[in-house]
Each structure stands twice: as structure tokens, then as C-alpha cells.
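**Student:** pasting the sequence and the predicted coordinates here, then a few questions.
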Amino acid sequence: MTLQREITQHIVSEYLPDTPAEELAADYDLIATGVVTSLQLLRLIGWLGDRYDIPFGDLDIAPDDFRSVAAIAELVSRHRPVAAN
Amino acid sequence: MIHWTPEQQELRAAIGAVAAELGKDHLERDAAGIFDEEGWRRLRDMGLFSLPFDPAHGGLGKDLLTTLYVLEELGYRCPDAGLGFSVSTHMVSTGVALQRFGSKALKEHYLPQVCAGTVIGAHAITEPAGGSDAMSMRTTAVADGDAFVLNGSKSFVSNGPIADVIVVYARTGAPGEVGGITTFLVRSDTPGLSVGRPVAKMGLRTSPLAELFLDDVRIPRDHVVGGVGAGFLVLDHVMKWEILCGFAITAGEMRRRLESCVEYVRTRTAFGATIGANQSIANRIVEMRIDTENAHKWLFDTAEKLQAKADVAADIAMTKLVVSEGNVRSALSAVQIFGGYGYTAEYGVEKQLRDAVGGTIYSGTSEIQRQRLASLMGLDRPVKRA
Ligand SMILES: Cc1cc2nc3c(=O)[nH]c(=O)nc-3n(C[C@H](O)[C@H](O)[C@H](O)COP(=O)(O)OP(=O)(O)OC[C@H]3O[C@@H](n4cnc5c(N)ncnc54)[C@H](O)[C@@H]3O)c2cc1C
């Protein structure tokens, strides 16, 4: 499964249970539309950190980095350990 | 179990020795609501405030666990809970925010002063219209050339009346949006900023608290901490440290209270026997011990995980609930165990209960911690049916 697809699957199953994965566009604004609220952002960061071994505590991140599936995938591919890419 | 090195033990003992000399007049100062400036200076001179910060900026470079180990001893030795609260507020509100998110220039300028305690720090998140829903804050920061202009008001700013620098959280984006909050480092002498009179409160009275008013306060862009829109993540990081450092002091207070109750029930007699020989009193003491040890275990376990860069979002909420609510239970038991002496102001037992109640409100209320846990467990989202 591609990285973007895996993230889409996760977001749909956790935050948009009534939406088929194919209907969530990669550039859909998850934050402005309230799909990801402050508490859910913490949960999402926790999942991404565990799943892709990313030390978020050390990174300069902003909520904008989590605005869409495409932005998240870009952030993950930039920061996950090289061997896992 | 954590094994502390001789160096860590010496550091803790050294701070403990000074802390034991503080707070002799804490009941009088509590009644009058007076901050212990002399105590602050003595702790500052011991280097307490610089513990977890980078040596490049005047810190001692100690890790989080060592910091907690020392702060717990401060709580154990010093009966002035308000002073301890002001200490942890200073360290985390400004120092921790700057160390993790400050620009090089901000760190170079302010962190040495925070470490040395030559400036006192505070942070302003809560507003008159509400604190729990921080993402809906109304104080605005509008970009204007090389600055932001802040307008609004903040309530309940601990250290507000004595602060030189205040970390202010304000809205730069849409209300409720997670990327809509930005963090600013604001000097308290900035034109347009005014601090209200100290607010009288139930407990922690020696830690002064005030309202803050921002009227066209111009803050240079280079005083943004953590980037525009990153306020929520700054706040999340600071709250983790605030809960661990602040409640490590609380855990020390709980240990001291337990010891004083054990001593009391083994010496106070009624009906020809020590009161501790009664199972209903003994059970209270046992519950106090469980609460005290739970507090210690949760704090150090969560700190160990955070130090190992694990995700502690749920652990932090559980830690805060365990320690703050255990502290209220333990303080209430102490009042009961000391009977009439517990209820009168002279012995300071009732003061501990008044001090304890605040812990279920600041750093995110008990209700909000439970809501957070429920959300982290996905309880607020329905599962898709096949
Ligand atoms: C001693 C002390 C020191 C403080 N220091 C500072 C400081 O330095 N800086 C700062 O910014 N703030 C500080 N605060 C403020 C503190 O953070 C807020 O009081 C707290 O976040 C709650 O906000 P509120 O008082 O506006 O209550 P509200 O948010 O109005 O809540 C009122 C009640 O409703 C409950 N509630 C709200 N939303 C929900 C929900 N969704 N589900 C269930 N229950 C809910 C709350 O738990 C609470 O019981 C301090 C407070 C105290 C007591």
C-alpha cells in the first residue's frame, strides 16, 4: 500500500467512518473542516509517530503539516527513518 | 525502579536542605496572600530554576527525571505550596516553551535570565470567557508589518503580578481551528499591556495570580515562539511539562502529609488507645499511602516515557488525574485524621486541602482530562458498520 493510501485509510477509519477511502481527496483540508480537532491531532501525531517511527518531540512541526493527507504523507516521508522509506 | 546516581542524590539533598528552611511563616503569608521573595531568591541562588535547561543558555542540563526528582524534594521539604507552584510555573511557562520552540535569538536573550531567575515568567492562556476550550480563545494577534498587534484579556495568570515575561497565546487563525493559535513572548513592560491586581483565591495564596489586559500590544515577529499557528503544539508540550513538574512538587507534599498523619495517629490517643489502632483510621492512612505512591509512580513512569520520546498523550492525562485527585483525597483525610486541629487554620492542615483543590482545575480540569482520554480511545467517533 502506498504511504498516502495508508494514511487515507487510517484517517477515514478513525475520523470519517461514513466516508469511503476513495472519496477523501489528498488535498481535502482536514483542519479547516474540523475533521481533525485539537484532541484528534494529538491522537494522529501519536499514531504517525508509532507507525512510522518519527520523533515528533524533536521536530519543528505546525498544525499546517497535518492539514491534508498529502501534507501528512509529505511530512512522514521527510522524517521517517531512511530504511523504512 | 529508577536508580539515582550519587550526583543526583546530592543535588536533591542540597535543594532539600534549603527548601527545609523555607516556609517557616507560610501560614501567616497564606493568610495575607504574600509571595515569599526571600524564598524565591534562595531557590534561585541554588540554581533550581536552571535544572532542565541547556548549559549553552545558562542551564544545568539535567534531564526531566532528575528535574522531577529534585522538585519532588522541594514539595516534601517546603510547606509553602504556593511558592512551589510559582517555581514550576516560572520554569515551564517560559523556560520550557523557549527551550523547545524558541528561536536561537530568543533563547540566547531570555533563557539565561529565566535560568538565573533574574526575570520571572508566567503564561496566559485562559480567558474570562473560558479556559477549557482553549482553541476558542478570543484574544487576537493581527499581523502588521514586522509585528503582531495583540488585543484581548486573560484571566488567572499565575505569577502575573510579579512576572517580567509572559508567554501569551493568541488567535491568528479561525476560531476553533487547531492551527489558529500563536504563542508570543511578551515583556510585562510592553506598552498596552496591563496586569490587574492580585486575585484572592481559595488556596495557593502565596502564588500571586492576576488578570492581564492587552490593548494594541505590539510584539515583534521575532518574539513569536514556535512559528505562526503552532501555538497548540507549544501548549501541548508545555502542559506535559507543567503537569509533570508541578505535580512532582505535589507528590512530595503528599509524602510529607502522609508522614505527619502516621506520626499523629501513632501518638494521639482516644478511648485509651492510639487512634491509629482503629481500623477506620488505619484504612484512611493506607489509602493515603496508595495515593502517594500512585502519584510518584505515574509521574516518574510518564516522565521516563516522555524522556524516551514515546507518545504520552494518554499517560499525561492519567497522571494528572491520579495525582491531583489523589492529593485532594489525601488532604481531606488529613483534615479528618487531625480532627478539630485539622479544621482550624493554626496547624496548616486545612490549608493543604485548600491548596489541593486547585490541582483539579489548573493544567486542564479533571473533566477535560477524562474527555481527552475518551477521545484518545476513540470514544467520540462511531465505528463504521460493515
Ligand atoms: C490555581 C490556578 C492557577 C491557574 N494558573 C493559570 C495560568 O497561569 N495561566 C492560565 O492561562 N490559566 C491558569 N489557570 C486557569 C485554568 O487553567 C482554568 O481555570 C481551567 O483551564 C478551566 O477553565 P475555566 O476556569 O474557564 O473553566 P471552564 O472552561 O469554563 O469550565 C467550567 C467547568 O466546566 C467543565 N467543562 C468545560 N468543558 C467541559 C467538557 N467539554 N466536558 C465536561 N466538562 C467540561 C470544566 O471542567 C469545569 O468544571 C489557573 C487556575 C487555577 C485554579
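**Tutor:** In hand now; what should we look at?
**Student:** looking at chain A, which helix or strand does the model trust least?
**Tutor:** One helix or strand of chain A scores below all others by mean pLDDT, DSSP states H and E: helix A:38-52, with a mean of 86.
**Student:** how far does that one sit from the chain's center?
**Tutor:** Put simply, helix A:38-52 sits 8 Å off its chain's centre (Cα atoms, centre = their mean, to the nearest Å).
**Student:** so which bits of it are buried?
**Tutor:** Within helix A:38-52, the residues that qualify as buried are A:38-46, A:48-49, A:52, counting by 16 or more other Cβ atoms under 10 Å in any protein chain shown. From N, CA and C alone the C-beta is placed, and that goes for glycine too.
**Student:** likewise for stretch B:183-190?
**Tutor:** Within stretch B:183-190, the residues that qualify as buried by neighbour count (16+ other Cβ under 10 Å) are B:183-186, B:188, B:190.
**Student:** from the ligand, how far off is the closest residue to B:Phe247 other than its chain neighbours?
**Tutor:** Nearest non-adjacent residue to B:Phe247, counting by Cβ to Cβ, 6 or more residues apart in numbering or on different chains: B:Val323, 4.3 Å away. With distances taken as Cβ to the nearest ligand atom, to the nearest Å, B:Val323 is found 15 Å from the ligand.
**Student:** before we move on, back to that, quick check: the two most widely separated of the buried residues of stretch B:183-190?
**Tutor:** B:Thr183 and B:Ser188 (16.1 Å; Cβ to Cβ).
**Student:** residues contacting B:Val323?
**Tutor:** Contacts for B:Val323 were tallied using Cβ atoms under 8 Å, 6 or more residues apart in numbering or on different chains; they are B:247, B:250-251, B:294-295, B:298-299, B:359.
**Student:** dump those residues to TSV, plus secondary structure.
**Tutor:** Formatted as TSV, the contacts of B:Val323 follow (DSSP: H, G, I helix; E, B strand; the rest coil):
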residue	secondary structure
B:Phe247	helix
B:Thr250	helix
B:Ala251	helix
B:Asn294	helix
B:Ala295	helix
B:Trp298	helix
B:Leu299	helix
B:Gly359	helix
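**Student:** closest one to B:Leu373 out of these, please.
**Tutor:** Checking the contacts of B:Val323 against B:Leu373 by Cβ to Cβ gives B:Trp298 as the nearest, at 13.4 Å.
**Student:** that closest one against B:Ile316, yeah?
**Tutor:** No - the criterion here is Cβ atoms under 8 Å, and B:Trp298 misses it with B:Ile316 at 9.6 Å.
**Student:** between the two, who's got more neighbours?
**Tutor:** B:Ile316 (28 against 22; other Cβ atoms under 10 Å in any protein chain shown).
**Student:** so how far is B:Ser50 from the residue nearest to the more buried one when sequence neighbours are not counted?
**Tutor:** Excluding the flanking residues, the one nearest B:Ile316 by Cβ to Cβ, 6+ apart is B:Lys240, at 5.2 Å. Noted for B:Lys240: a distance of 20 Å to B:Ser50, by Cβ to Cβ, to the nearest Å.
**Student:** cool, and A:Ala71?
**Tutor:** Between A:Ala71 and B:Ser50 the computed distance is 38 Å (Cβ to Cβ).
**Student:** those two: which is more packed in?
**Tutor:** Per other Cβ under 10 Å, whichever of A:Ala71 and B:Ser50 has more neighbours is B:Ser50, with 24 against 19.
**Student:** gap between the more buried one and B:Arg44?
**Tutor:** Per Cβ to Cβ, B:Ser50 is found 9 Å from B:Arg44.
**Student:** what sits in contact with each of the two?
**Tutor:** With Cβ under 8 Å, 6+ apart, B:Ser50 and B:Arg44 have common neighbours B:Ala116.
**Student:** who are the contact partners of the closest residue to B:Thr94 other than its chain neighbours?
**Tutor:** Take B:Thr94 and drop its neighbours on the chain: the residue closest to it by Cβ to Cβ, 6+ apart is B:Gly121, 2.9 Å away. By Cβ under 8 Å, 6+ apart, the contact list for B:Gly121 reads B:89-91, B:93-95, B:114, B:159, B:163-167.
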